[in-house]
Each structure stands twice: as structure tokens, then as C-alpha cells.
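Student: Below is the structure, and that's it, no one-letter string:
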DNA sequence: AGTATTATTAGGAATTATTCCTATTAAAGT
DNA sequence: ACTTTAATAGGAATAATTCCTAATAATACT
């Protein structure tokens, strides 16, 4: 997905396209990080110093609602990611780094659970917590 | 797992066994709910009105560290569960109800990811979000 | 291009779950 | 029983997020 595609989707659904929104989308599309709202704010402010944290929160929430970004909660903090296909998030308990891993068993699991439970499933979130390559030596 | 077993584990590891801790463990062992810290506090206070919320937090944290309870984060709030084997948590986006589902594919996924990534994996968390049987009619 | 409409924004205050602090209490080893 | 010190109660502090509102600016319509 490209910035322009997301912008077009928003515009087509009646949302206004502001420089703040473009900057936020553009950053998320081009990073491998899984930034927090605060991280996004810090980055976007370099280009648009006037952008407020509350706008960042509102925009991230809009994008999440439209399923254009994925949100996961890590240690009491929301982290965002433009990778919206189902995947596993590997979360480092030491440095907070998040790595994505695609895994096609996830689809099987979802359809199995959908059949077995009475829930209507909207969203999946698969996380594995541990220590990344850089941090694992510190913890044995 | 029974209350007494958990109590014994704590005692053997040098932790003191207080009535507050017993009450908290006992509630978690016997409920199917996935209560928040506040919920646990409310329930435990019925029997021990003097028990403080900070003690509940500390005890839940101790139990989590010892892997005697599982903690998941739902909408900015921690929820606790004495079901510690890997399972899928089905979370209702409307009423917050959480249902557990066992699924043996989870083990496969974990071992695959462990091989493929450079992370040392400590903990898994699999959540599916949607609407439970009672709430789904409201949302189509 | 100019104007009107109203969604969006900036900035800060309010909220809320959680953690921190510390004098007091009580579990457990002797 | 006495001693040691982990654990507790209660409230203050913290931090992520949401809420509030006047000002701004994106879009639609002339």
C-alpha cells in the first residue's frame, strides 16, 4: 500500500486530507519500526513543528478504524504498523523492538475458531514475547 | 492447579503467604472471568474489606512473574486468568467478555517461529477480537 | 477566484490504569 | 515469645490516552 492509495481511500470516504495526516501516513508506510503515538509525533514534528499530539492520536485512530494501520498494545502503550495483513508480532521484552513474521497457519486457526466459537471475529492479534538477537545475550 | 498448590509454590520460593494473597489466588482459580485488577479488588474486598488495590496489583504481578497467572492487555487494561497453558483468548469488543479456546496448532506456530527468527521466545499471546454470542446481534 | 460550511487542528486540561512511597503490620524462622 | 524483614494500606505520583473548545483550513459550491 502506498501513501497516495491511503489518501485516496480517506478522501473517497469523505475525510479531509490534511498535511498532518499525510505526514503521519507517509511515515508509517515507510518505516519498519512499530512506533508509539509519541514516536510518530516526534518524527512528524521534524517536518511540521506545529502538529499536536492529539492530532496524531486522532489520525492513528481513524487509520485503525479504516483498517489501514494495525495497532498492538505492548506494556501499556499502543504501537502502530502499516502492515495490516495477519501476521505474528515478535516483541522484545528488553528493547521493545517488534519484528513481523508472516505465517499462513494463522488463517487456519482463525477459521477453526470461527467455526468452533459463537463469536463473530473482527480482528486477530498474535504476539510472541521474548528477547531479540541483540538483547538475548543479556538474559542468558 | 489448586489454590493450595500455588500457595505451596510461593512458600517454597520464600514468599510469605498472607490472607490477601490466598483470597486473590482463590478467586482467580475459581472464576472463568478474566478480571481486571479492579475487579479482583472488588471481589476480594467482600471477604477482606481492608485489602488495598496496591496489594492486589503487587500480588497479581508476583503471580504473573511466577507464571501462575496469565495477563493479557485489553483496551488499555490488564486482565488476569489462572489458565496458563497456551490458548487463544476470544475478546468481545462490546462487553469485554473473554473466552478461552485451546488449540494445538499454537505449539506448531511457536516452534516454527522460534526456528525462523533469532528471538528467544518467553511468552505467547494469541487474541481474536470480535463480538460474543450475546453482543453480535447489536453489530449486524 | 471568493465564500460558506464544517471537519480538523492545537493546546492544554481531565481522565484512568498503574506504579511508587513509606510508616505500620504481621508471617515465619529461631 | 522475639526478631527480622517481607508485605500491606493508603494515598500521592506517573504516564498514556481522551476530552474540550476556539481557531483554522479543506472542500464544495458559486
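Tutor: Arrived safely. The shown structure was predicted, so the numbers you read here are calculated from the model rather than taken from an experiment. Residues are numbered from 1 along each chain as shown, chains lettered A, B, ... in the order given.
Student: Would you map the strands across chain A?
Tutor: A:70-74, A:77-81, A:88-92, A:98-101, A:120-131 (DSSP state E).
Student: Identify the residues contacting the closest residue to residue A:68 other than its chain neighbours.
Tutor: Leaving aside its chain neighbours, residue A:68 sits nearest to residue A:6 (5.3 Å; criterion: CB to CB, 6 or more residues apart in numbering or on different chains). C-beta coordinates here come from the backbone N, C-alpha and C atoms, glycine included. By CB atoms under 8 Å, 6 or more residues apart in numbering or on different chains, residue A:6 lies in contact with A:25, A:29, A:63, A:68.
Student: Distance of residue A:6 relative to residue A:124?
Tutor: Applying CB to CB, to the nearest Å, the value for residue A:6 to residue A:124 is 21 Å.
Student: pLDDT value on the residue of chain A found nearest DNA strand C, please?
Tutor: Residue nearest to DNA strand C within chain A: residue A:55 (3.0 Å; CB to the nearest atom of the strand). What the model reports for residue A:55 is a pLDDT of 98.
Student: ok, how many other residues are close to residue A:117?
Tutor: Residue A:117 is flanked by 17 other residues according to other CB atoms under 10 Å in any protein chain shown.
Student: Okay, it and DNA strand D: tell me how far apart.
Tutor: As judged by CB to the nearest atom of the strand, to the nearest Å, residue A:117 and DNA strand D stand 26 Å apart.
Student: Pull the residues that contact the helix or strand of chain A with the lowest mean pLDDT.
Tutor: Lowest on mean pLDDT, DSSP states H and E among the helices and strands of chain A sits helix A:105-116, with a mean of 91. By CB under 8 Å, 6+ apart, the surrounding residues in contact with helix A:105-116 are A:86-88, A:119, A:121, A:124, A:126, B:88, B:90, B:101, B:103, B:105-106, B:108-109, B:112, B:126, B:128.
Student: just the buried members of those residues?
Tutor: A:86-88, A:119, A:124, A:126, B:88, B:90, B:101, B:103, B:106, B:109, B:126, B:128 (16 or more other CB atoms under 10 Å in any protein chain shown).
Student: out of the residues you listed, which one sits closest to residue A:41?
Tutor: residue A:87 (25.2 Å; CB to CB).
Student: Verify the stated contact: that closest one with residue A:101.
Tutor: Yes - contact between residue A:87 and residue A:101 holds when scored by CB atoms under 8 Å: they sit 6.2 Å apart.
Student: if I pick residue A:93, what's in contact with it?
Tutor: A:129, A:130, A:131, A:135, B:122.
Student: what about the nearest residue to the fourth one once chain neighbours are set aside, how many neighbours?
Tutor: Nearest in space to residue A:135, with sequence neighbours left out and distances taken as CB to CB, 6+ apart, is residue A:94 at 3.7 Å. The criterion is other CB under 10 Å. On that basis, residue A:94 has 13 neighbouring residues.
Student: thinking residue A:94 is in contact with residue A:131, fair?
Tutor: Yes - using CB under 8 Å, residue A:94 is in contact with residue A:131, at 5.6 Å.
Student: wait, which of the buried ones among the contacts of helix A:105-116 is closest to residue A:48?
Tutor: residue A:87 (30.3 Å).
Student: pLDDT score assigned to that closest one?
Tutor: For residue A:87, the predicted pLDDT is 95.
Student: That one: what's it in contact with?
Tutor: A:100, A:101, A:102, A:103, A:106, A:126.
Student: Next, give me the two most distant ones among those residues.
Tutor: A:100 and A:106, at 12.0 Å, using CB to CB across those.
Student: Overlap in contacts, these two.
Tutor: Between them, residue A:100 and residue A:106 share the contacting residues A:87, A:88, judged by CB under 8 Å, 6+ apart.
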